[in-house]
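*Asks:* Build me a model from this:
(4 chains)
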Protein chains: 4
Amino acid sequence: MPQITQTGRHFLAIPGPTVIPDRVMRAMNVPMINIYEGPLIETTHSLFPDLKTLAGTAGEAVIYISNGHGAWEGALANTVHAGDEVLVLESGRFAVGWGAMAAQRGAVVHTVAAPPRRGVDPAMVEARLREDAGHAIRAVLVVQVDTATGVWNDIEAIRRAMDAAGHPALLMVDCIACFGCVPFEMDAWGVDVMVAACQKGLMTPPGLGFVFIGEKAMAVRHARGCTSAYWDWLPRTDPDMYYKLFCGTAPVQHIFGLREALDMIAEEGRDAVFARHARIAGAVRAAVAQWGSGGPIECNITDRAARSDAVTTILTGGIDAQELRRICEDDLNVTLGLGIGMEATSTFRIGHMGHVNEPMILGTLGVVEMGLTRMGAEFAPGGVEAAVAAL
Amino acid sequence: MPQITQTGRHFLAIPGPTVIPDRVMRAMNVPMINIYEGPLIETTHSLFPDLKTLAGTAGEAVIYISNGHGAWEGALANTVHAGDEVLVLESGRFAVGWGAMAAQRGAVVHTVAAPPRRGVDPAMVEARLREDAGHAIRAVLVVQVDTATGVWNDIEAIRRAMDAAGHPALLMVDCIACFGCVPFEMDAWGVDVMVAACQKGLMTPPGLGFVFIGEKAMAVRHARGCTSAYWDWLPRTDPDMYYKLFCGTAPVQHIFGLREALDMIAEEGRDAVFARHARIAGAVRAAVAQWGSGGPIECNITDRAARSDAVTTILTGGIDAQELRRICEDDLNVTLGLGIGMEATSTFRIGHMGHVNEPMILGTLGVVEMGLTRMGAEFAPGGVEAAVAAL
Amino acid sequence: MPQITQTGRHFLAIPGPTVIPDRVMRAMNVPMINIYEGPLIETTHSLFPDLKTLAGTAGEAVIYISNGHGAWEGALANTVHAGDEVLVLESGRFAVGWGAMAAQRGAVVHTVAAPPRRGVDPAMVEARLREDAGHAIRAVLVVQVDTATGVWNDIEAIRRAMDAAGHPALLMVDCIACFGCVPFEMDAWGVDVMVAACQKGLMTPPGLGFVFIGEKAMAVRHARGCTSAYWDWLPRTDPDMYYKLFCGTAPVQHIFGLREALDMIAEEGRDAVFARHARIAGAVRAAVAQWGSGGPIECNITDRAARSDAVTTILTGGIDAQELRRICEDDLNVTLGLGIGMEATSTFRIGHMGHVNEPMILGTLGVVEMGLTRMGAEFAPGGVEAAVAAL
Amino acid sequence: MPQITQTGRHFLAIPGPTVIPDRVMRAMNVPMINIYEGPLIETTHSLFPDLKTLAGTAGEAVIYISNGHGAWEGALANTVHAGDEVLVLESGRFAVGWGAMAAQRGAVVHTVAAPPRRGVDPAMVEARLREDAGHAIRAVLVVQVDTATGVWNDIEAIRRAMDAAGHPALLMVDCIACFGCVPFEMDAWGVDVMVAACQKGLMTPPGLGFVFIGEKAMAVRHARGCTSAYWDWLPRTDPDMYYKLFCGTAPVQHIFGLREALDMIAEEGRDAVFARHARIAGAVRAAVAQWGSGGPIECNITDRAARSDAVTTILTGGIDAQELRRICEDDLNVTLGLGIGMEATSTFRIGHMGHVNEPMILGTLGVVEMGLTRMGAEFAPGGVEAAVAAL
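*Replies:* Have a look, this model is predicted:
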């Protein structure tokens, strides 16, 4: 690894991959072991119940050696085929990307866009689905949180909208940016497929993607087949064939790392983890509001209820966000997220997901305020105090 | 990780995943960093030239977050489509598995089987291809080394057979079990697609698959498209789009681990690495020959020229190989490979690939001999001495 | 290790042992190697010049396997013998402790105490030494920074005072709490013996103590002998006898860790390291001043020039410092230093030495302010903003 | 750390510091924590009972931050003073070194030398002590195993000899080279002081020394004092003063490493650990005997009962042991111990202590045999087979 001069611990405040806890790194730092027998097998099997609990489902789960995009494809490969129609609920960049992946598979992609700087509007979804009287649409693709815009979509309400429209499409949700950060109740909310990955809320180095599968989605797989052996859900959900769980060699070190991360979540408690994320996110928003009271800084998402607890996207107006990020990273030991799919010079993002707490976020906000000060930016100081007060 | 009582260092002599060098583990034990800018980017780009050198190609290379089976699919997704015909050259278990993956994609799979306990016969390949006068066969799938049988196939000769038959099919070779262990000259030998992975000769925890792509194969991709965004070669070979190199989030820690492993290979020297594998493999075969001089033990592959330098599959006749493996693993701190696709009670395997040397293999062989002695097996002692002499 | 539930990275703000950089931990995580030949030898020899540069001396240096108290004894064992008189310059707890160690050796200990909440007064030193017309006092013991009180003593001025008194005693300085954090010029300032350790400014797990030896001190060793083989400077300063450098087995992993830490300091630059410490300390003092503007909180050291840049000791008056520390540690992921040798309920300390930077200190200060708020303490908010402004 | 080109795992077969188990390294790879409160305290206190069990004593134990030589001094500083007489039982290099340390303290050192290439003769000890009718000798210093010669001394018999002589001297035993490898029953055998360290049988990086203290020795400390604060047993055996247990800052990471190592010993079982060492040592001796049946190679210790189970010192006669060691280390990945205090060109040592097992020792012996073969040395092959048979 190219050595970077360190002057104290560097803070990574990007919206994933996130800070890896020492415990997880240590758990992965184990020698290679037998992959056919012994502790690896038991540990692997122990992951699935915990993942399902976190997803709120009694359905099936598969673990891919892949990143989140791989898990997207794992979801599509079992459900969406050439010529199928899908409806993408656009609220930033990622559902659109997932839709493009479906299009590459040969699907016809329709889109309902959220209102500017807001979450998906369930009423628009309902209306659009009512138009599809023939039920040509096979699947609705949506993210719970969009890493680019920082929006949180109300999945439960979208489900109700689909039900109100009486539409049988599968509801497929991308929780990559917020799995393990905010509540998700797959079964209670009527979600058919959920996609996630390990490198954000689950605090594990990138390399594992997850798909959670409800009964209706599994029935589609059975009915329509899957032309990909790698993504196929069937062998991966047969507990008697260990070698097929990962379609070949298991990701040994990642399995032990994920085990440790899930243990950490269990020790803290699922609800406590969610509460911590909400608390930290509230502090970030308080700081942004204070800064913006004296200048152009503001949250990208205008609807307060739709601001995610995992990542905050911040608009800086005439303040050069690229320069701000450069100062923070090069001079002040904090790496902020760059704007993606938005104007890089007037957007930055703060990730507050996974292994994050009060001193980490206060340190990050303090440095942003230092950066703004150094730039002579138009803003109201006091953001960190506002965050302290909010916490 | 469930703790295992350790009484000295455990030896892992399975044919992959293999022993991870301390240097590689240490290189992976790094904090998460920015994935859009900085050292990760440079390090990633540095991998490709070294991988290509090891593969003997000036063509393209892609790195998938996947295991070897994923890389198989990465190769097929760009070249083989529903209705295509492929020819599998069976010499154990793995080319067959790759062929099954093509079949799941909708391809028609033909097979030429190697003679029992021998490598693929180029003459049979030539004959079979001549039968395909209409050139319906799009691709020939073969492994260089089969991890199950321990066979090494002469890829250069197979290419000559294809040329002799004047057949235009792509030659696609799986080197998963031996990449970085034995010579491979992709361009010189006329191979169109080569598939490998990181967890054997490359000494890195499982999680990365590789596909090397020749011009002819890339032309097929351009001509016929790819319905999978994840496996698609095109964005992954565009050096200007870092984010697309891995179709999403990069496998950060694995990138640093692989970098270290490639550095180790470069320090030792590619040819020296190959020579070391040949030397160690020779010692294993000498021991097997000695043991077998007084009983049923023998190498599975009868053709000496076709015994691989990466893994040796050993037949034990009436000696219970399951019991031998149990004694070695539970009582003597050595894990041997089990027979796969063969009778488990009369087969075991010794992996000698990657991070392996004289004392490791002598320790392993010594323990096998101890195990045979404890079982009262019918064999001739002196295997370790034979190995010492061979080395 | 007993697992602690982690909810984000824990901040350790005690005045040592300090946060260990990832690089140092990784450098120590190496397998055991030959201790008589090879890289260990070269690496060991490379440490001494860098340590001496940091200490500002062309004299000798020894590295003990010990903590700082061990290094104290290493200094005394070569210079102070039963019946000798020593003068302790008291400015907190640690010079007194060192003096007690001399007393246990049989020395007669005299003390000059600094004025309350101030550093040692050179004039008082001069006066006391003038009283010792017979030059019975063999050594003057003083700390540069006292970890308990947070005071910084002006060593250069103390030397001048000794010179003004025309007194030949050795000047022996304990820099344990600030070596690598603040300037120290052993030769230029006329210091005869300097004692330090690795676990504070040098960012390495505890286990190494250092003594730097000027010519005059070494002459004392030669003249008067040393009854301890372990602490004896002579074999430890003979570069031709590796085995004697550590009086037996070398501290292998620590040697590699210290090497990495010294590399980090060299990369950043010695002066830049000192400037960083001064900057961070200034931020802490700004926060304390702000908090204290509305209540009893104040720096223990009243003389601004004598406040150390490595640790700040804070008095809380009627605010229960024990409770504050408990809230910060148990609820808010920051461990503060407890008061030592002072009233624990009205004192706490913030360590800001070694691997420390802006976001770390802002996060720490933010949490202290949260803690004060939760307690309903009498204080003026705005401390973090004051720190941001100071930085 | 200077990188060494690795071609497979390097084997370290020196008699300490020994191979560190992955588990121990991982346990040490923990972030710094509070040293005044919490898990460090509990873990520290948990070490003492386990260490005492291993030493077979209900007495006291202290843990020094030091190497073994430091522990020697820790033993002497509390018991032997200037002008005291001590009796060194010479059986190699280390008791002599300990005696030299006593001499530096001002003690008068007498010596009883073991017969050449044998252990200490209890009858000679008895005779010598009887000569000391005035009981001027305060302490008898002896090693259980001498790392240089490979001898094992019968401590129980030496105690009986002292008793037979009716001599009141303290019996002080250095077990550094074999603590945790061979049985030691401090109380049952009547040992007054036992000295050990962590880097051999205890499998932990060098940095901790131990002294176990019987009642009689502690009474000496009380009666005669201790002029060293660092080595003083009294504060270090007061369980209510954590900070004094290590005379200052605790060796945090080492404490967690030692805890893991003691857990490993407990899991395997103390007697099983000893039996393993005896088994492995027997294999080494069988190989040496075989090699020597055709040439000059032989065990240094001629008395079979006095050959230690922790280290074997081997004489090579006219075979150049330096060259053998060079070939094994540079070409064959095994580091052998060099002869110390003996002729380096005709002596080498094999350490078989701590984290050692069948495949490790067979690999080592196999490489030695390879080295001898490459040199064209005069020896009888078949040593590894003899070892296999012995195991």
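*Asks:* contacts and neighbour counts: CA atoms only from here.
*Replies:* Fine.
*Asks:* Does stretch A:332-350 reach chain B?
*Replies:* Yes - contact check for stretch A:332-350 against chain B, using Cα under 8 Å from any Cα of the partner chain: residues in range are A:T335.
*Asks:* Can you give me the first-to-last residue distance of that stretch?
*Replies:* With Cα to Cα, to the nearest Å applied, stretch A:332-350 spans 15 Å between its terminal residues.
*Asks:* Only the buried residues of it, if you could.
*Replies:* Neighbour counts using 16 or more other Cα atoms under 10 Å in any protein chain shown place A:332-340, A:345-350 of stretch A:332-350 among the buried residues.
*Asks:* Say whether chain D is contacted by the helix or strand hosting A:E267.
*Replies:* Secondary-structure element containing A:E267, defined by DSSP states H and E: helix A:252-268. No - contact between helix A:252-268 and chain D, assessed by Cα under 8 Å from any Cα, is absent, since the two come no nearer than 13.6 Å.
*Asks:* So which residues of the stretch 101-250 of chain A form helices?
*Replies:* Under the criterion DSSP state H, counting those that start in this stretch, helices of the stretch 101-250 of chain A are mapped to A:122-131, A:155-164, A:186-189, A:215-224, A:233-236, A:242-245.
*Asks:* In TSV: those helices, plus mean pLDDT and distance to chain C.
*Replies:* Written out in TSV, the entries for these read as follows (pLDDT from 0 to 100; distance: least, Cα to the nearest Cα, whole Å):
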stretch	mean pLDDT	distance to chain C
helix A:122-131	98	35
helix A:155-164	98	27
helix A:186-189	98	25
helix A:215-224	98	35
helix A:233-236	98	32
helix A:242-245	94	30
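*Asks:* Quick one: closest of those helices to chain B.
*Replies:* Using Cα to the nearest Cα as the measure, helix A:242-245 is the one of the helices of the stretch 101-250 of chain A that comes nearest chain B, at 10.4 Å.
*Asks:* how about the residues of the stretch 201-350 of chain A near chain C?
*Replies:* So the stretch 201-350 of chain A meets chain C at A:264, A:267-268, A:273, A:332-334 (Cα under 8 Å from any Cα).
*Asks:* Including pLDDT and distance to C:M203, could these go into JSON lines?
*Replies:* Supplementary listing: these in JSON lines, determined by pLDDT from 0 to 100; distance: Cα to Cα, whole Å:
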{"residue": "A:M264", "pLDDT": "97", "distance to C:M203": "27"}
{"residue": "A:E267", "pLDDT": "96", "distance to C:M203": "30"}
{"residue": "A:E268", "pLDDT": "96", "distance to C:M203": "30"}
{"residue": "A:V273", "pLDDT": "97", "distance to C:M203": "32"}
{"residue": "A:L332", "pLDDT": "96", "distance to C:M203": "20"}
{"residue": "A:N333", "pLDDT": "96", "distance to C:M203": "18"}
{"residue": "A:V334", "pLDDT": "97", "distance to C:M203": "20"}
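*Asks:* and the two most separated of those?
*Replies:* Distances among those were taken as Cα to Cα; the most separated pair is A:E267 and A:L332, at 33.2 Å.
*Asks:* Next, the contact list for the residue lying closest to A:A123 once chain neighbours are set aside, please.
*Replies:* In this structure, A:A123 finds its nearest non-sequential neighbour in A:A161, 6.5 Å apart by Cα to Cα, 6 or more residues apart in numbering or on different chains. Taking Cα atoms under 8 Å, 6 or more residues apart in numbering or on different chains as the criterion, A:A161 is in contact with A:122-123, A:125-126.
*Asks:* Centre of the chain to the longest helix along chain A, how far?
*Replies:* Within chain A, and with DSSP state H defining each element, the longest helix by residue count is helix A:270-292. From the chain centre to the centre of helix A:270-292 is a distance of 17 Å (Cα atoms, centre = their mean, to the nearest Å).
*Asks:* does A:V143 really touch A:F94, like I thought?
*Replies:* Yes - applying Cα atoms under 8 Å as the test, A:V143 and A:F94 come out as touching, 7.1 Å apart.
*Asks:* Which of the two has more residues huddled nearby?
*Replies:* More crowded of A:V143 and A:F94, by other Cα atoms under 10 Å in any protein chain shown: A:V143, with 31 against 25.
*Asks:* beta partners of the residue lying closest to that one once chain neighbours are set aside?
*Replies:* Residue nearest to A:V143 in three dimensions, not counting chain neighbours: A:D174, with 4.4 Å by Cα to Cα, 6+ apart. Beta-bridge partners of A:D174, counted by DSSP bridges, are A:V143, A:V195.
*Asks:* swap in A:L338?
*Replies:* A:F348.
*Asks:* in chain A, which helix or strand is least confident?
*Replies:* The element with the least model confidence among the helices and strands of chain A, by mean pLDDT, DSSP states H and E, is helix A:242-245, at a mean of 94.
*Asks:* Pull the contacting residues for the residue nearest to A:V143.
*Replies:* If a contact means Cα under 8 Å, 6+ apart, then A:D174 has A:72, A:95, A:141-145, A:194-196 as its contacts.
*Asks:* Fine, thanks again, bye for now.
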